[in-house]
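K.L.:
Structure for the following, please:
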Amino acid sequence: MTHKIQELSEAELLRRLSRLKTLTSIHVIALGLYWVSSLALGIVVEHMYVWLFSIISFPILILNVKAINEIKEEFEIRKTMV
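P.N.:
The predicted structure is shown next:
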């Protein structure tokens with residue numbers, strides 16, 4: 001993905017960074033609300049969907065954060081080159 005990021009323009013990088021930050025924020029809020037509502041309803045132990053959603057959700061969050069960090073690093077590299 002790093003090679004792909006290097007080919008993008010600065011405007012495209014900003015757009016992707018903004019989109020990733022928004023998606024990550026929504027994802028974290030949705031996951032938190034899901035867990036809070038599951039705890040409030042007392043279905044955490046009974047339903048495997050809560051655990052399945054969490055297991056699927058965390059790698060996606062990790063990949064989003066990794067992509068955000070790569071884009072930030074690319075901005076730092078471009079800033080030092082200029």
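
K.L.:
Give the buried residues for the strand or helix carrying residue 66.
P.N.:
Assessed by DSSP states H and E, residue 66 sits inside helix 48-81. Across helix 48-81, burial judged by 16 or more other CB atoms under 10 Å covers 50, 53, 64, 67-68, 70-71, 74. C-beta here means a position set from N, CA and C on the backbone, and glycine is covered the same way.

K.L.:
what about that helix, average pLDDT?
P.N.:
The pLDDT scores in helix 48-81 average 86.

K.L.:
what packs against that helix?
P.N.:
Under the contact definition 3 or more CB pairs under 8 Å, 6 or more residues apart in numbering; DSSP states H and E, helix 48-81 sits against helix 2-7, helix 10-41.

K.L.:
do that again at 6 Å, thanks
P.N.:
Applying 3 or more CB pairs under 6 Å, 6 or more residues apart in numbering; DSSP states H and E, one finds that helix 48-81 makes contact with helix 10-41.

K.L.:
coming back round to it: just curious, which of the buried residues of helix 48-81 is nearest to residue 41?
P.N.:
Using CB to CB, residue 50 comes nearest to residue 41 of those, at 10.0 Å.

K.L.:
That closest one and residue 74, how far apart?
P.N.:
From residue 50 across to residue 74, the span is 37 Å (CB to CB, to the nearest Å).

K.L.:
what does residue 22 give?
P.N.:
Remark: distance between residue 22 and residue 74 (CB to CB) = 19 Å.

K.L.:
do residue 48 as well
P.N.:
In terms of CB to CB, residue 48 sits 40 Å off from residue 74.

K.L.:
Residue 39 too?
P.N.:
Taking CB to CB, one finds residue 39 at 39 Å from residue 74.

K.L.:
and if you look at residue 68?
P.N.:
Residue 68 sits 11 Å away from residue 74, going by CB to CB.

K.L.:
that older thread, now the buried residues of helix 48-81 in a markdown table, with distance to residue 5?
P.N.:
As requested, the buried residues of helix 48-81 are exported to a markdown table (distance: CB to CB, whole Å):
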| residue | distance to residue 5 |
| --- | --- |
| 50 | 35 |
| 53 | 29 |
| 64 | 14 |
| 67 | 9 |
| 68 | 11 |
| 70 | 6 |
| 71 | 6 |
| 74 | 5 |
